[in-house]
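K.L.:
The amino acid sequence is not available; the structure is as follows:
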């Protein structure tokens with residue numbers, strides 16, 4: 001299929017270093033997600049893999065072959081963008097077939113590939129429609145289908161769900177996960193949404209400021225973050241960070257996830273006052289102003305009756321407390 005090797009990838013725009021020496025290996029059939037805040041370099045890295053951006057230095061290897069000087073069309077990749085980039089005057093079938101026709105693919109192969117992709121993505125009823133007659137989710141499925149028919153070595157996704165509403169994001173996310181299982185294809189997926197990363201990835205690459213902070217399976221990053229940045233980025237609501245000195249700890253910073261804190265009306269580790277309560281049905285998020293730990297977030301499963309001004313005691317699970325040193329790296 002399509003293995004990927006990135007070796008000391010650097011990219012600068014003038015005096016601005018955007019990528020600062022990226023090393024990464026992606027195996028055949030792996031679903032790898034690049035995640036990080038805006039400006040971290042994840043989309044630039046994807047464009048370098050695609051050949052839409054040159055490197056300042058370093059090697060890009062697809063299936064063991066260096067491709068930095070290879071045109072995008074010759075790299076064996078297919079890319080799905082945030083915008084659907086469909087031709088409005090062409091119907092769904094012709095949008096999906098266009099790249100194959102330009103490559104002078106035989107008609108019988110085009111028909112076979114379109115039939116396969118449209119069945120996978122439930123697009124058969126829409127093949128004669130034009131993009132304007134489709135919903136946002138259907139248009140994105142067409143864009144994905146256009147990539148599938150090319151049978152690429154690598155699928156590259158650049159924030160493909162950003163333009164969809166919440167319900168369509170969930171549905172399309174499921175489609176992409178199912179597609180990966182059916183094709184056993186290598187997929188590189190860029191997003192700023194850590195929920196997408198956690199639910200889709202075999203491995204997540206957490207980027208920040210042009211460097212890779214940590215690479216690992218979703219639950220590995222959740223349970224064993226390497227540093228403050230990863231700990232704060234993975235998980236929702238985000239991890240509570242407390243000055244170690246406030247708690248009499250030798251570590252610079254203490255971290256505890258909201259879901260690893262219990263509350264009690266009569267006793268506990270930190271006494272506090274409810275500042276705000278978010279009643280979400282399946283969960284309740286409480287914001288407590290505590291005497292020792294400051295303002296913390298507590299996530300409780302199910303409905304918990306609490307109102308602003310109510311006094312509660314919060315107790316962190318001692319087995320799920322994280323400690324970080326002066327340099328931000330986890331020390332315990």
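P.N.:
That came in fine, so what should we check first? If you're wondering where the values come from, they're calculated on a predicted model, not measured in any experiment.
K.L.:
Now name the helix or strand holding residue 98.
P.N.:
Using DSSP states H and E, residue 98 sits in helix 92-102.
K.L.:
Excluding chain neighbours, give the residue nearest to the residue with the largest distance to the centre of the chain in space.
P.N.:
Residue farthest from the centre of the chain, counting by Cα atoms, centre = their mean, is residue 266 at 40.7 Å. Distance criterion Cβ to Cβ, 6 or more residues apart in numbering; nearest residue to residue 266, sequence neighbours excluded, is residue 313 at 6.9 Å. C-beta here means a position set from N, CA and C on the backbone, and glycine is covered the same way.
K.L.:
and what of residue 113?
P.N.:
residue 149 is the one closest to residue 113 (Cβ to Cβ, 6+ apart), at 4.0 Å.
K.L.:
Quick one: list the elements packing against the helix or strand harbouring residue 204.
P.N.:
Residue 204 belongs to strand 203-208 when assigned by DSSP H and E. Packing partners of strand 203-208 (3 or more Cβ pairs under 8 Å, 6 or more residues apart in numbering; DSSP states H and E): strand 31-35, helix 42-50, strand 211-216, helix 218-223, helix 228-233.
K.L.:
Also compute the angle for that strand relative to strand 31-35, please.
P.N.:
Angle of strand 203-208 versus strand 31-35, following axes from the mean of the first three to the mean of the last three Cα atoms, to 10 degrees, is 20 degrees.
K.L.:
Need the residues that contact strand 203-208.
P.N.:
24, 26, 30-37, 40-42, 45, 197-198, 212-218, 221, 229-230, 233-234 (Cβ atoms under 8 Å, 6 or more residues apart in numbering).
K.L.:
Over to stretch 123-135?
P.N.:
Here stretch 123-135 has contacts from 84, 86-93, 95, 114, 117-118, 138-139, 141-142, 145, 168, using Cβ under 8 Å, 6+ apart.
K.L.:
re the thing from before, list the buried residues of whichever strand or helix holds the residue nearest to residue 266.
P.N.:
Using DSSP H and E, residue 313 maps to strand 311-316. For strand 311-316, the neighbour count (16 or more other Cβ atoms under 10 Å) marks 312, 313, 314, 316 as buried.
K.L.:
Please work out the average pLDDT along whichever helix or strand comes after that strand.
P.N.:
Sequence order places strand 321-324 as the next helix or strand after strand 311-316, per DSSP H and E. The pLDDT scores in strand 321-324 average 98.
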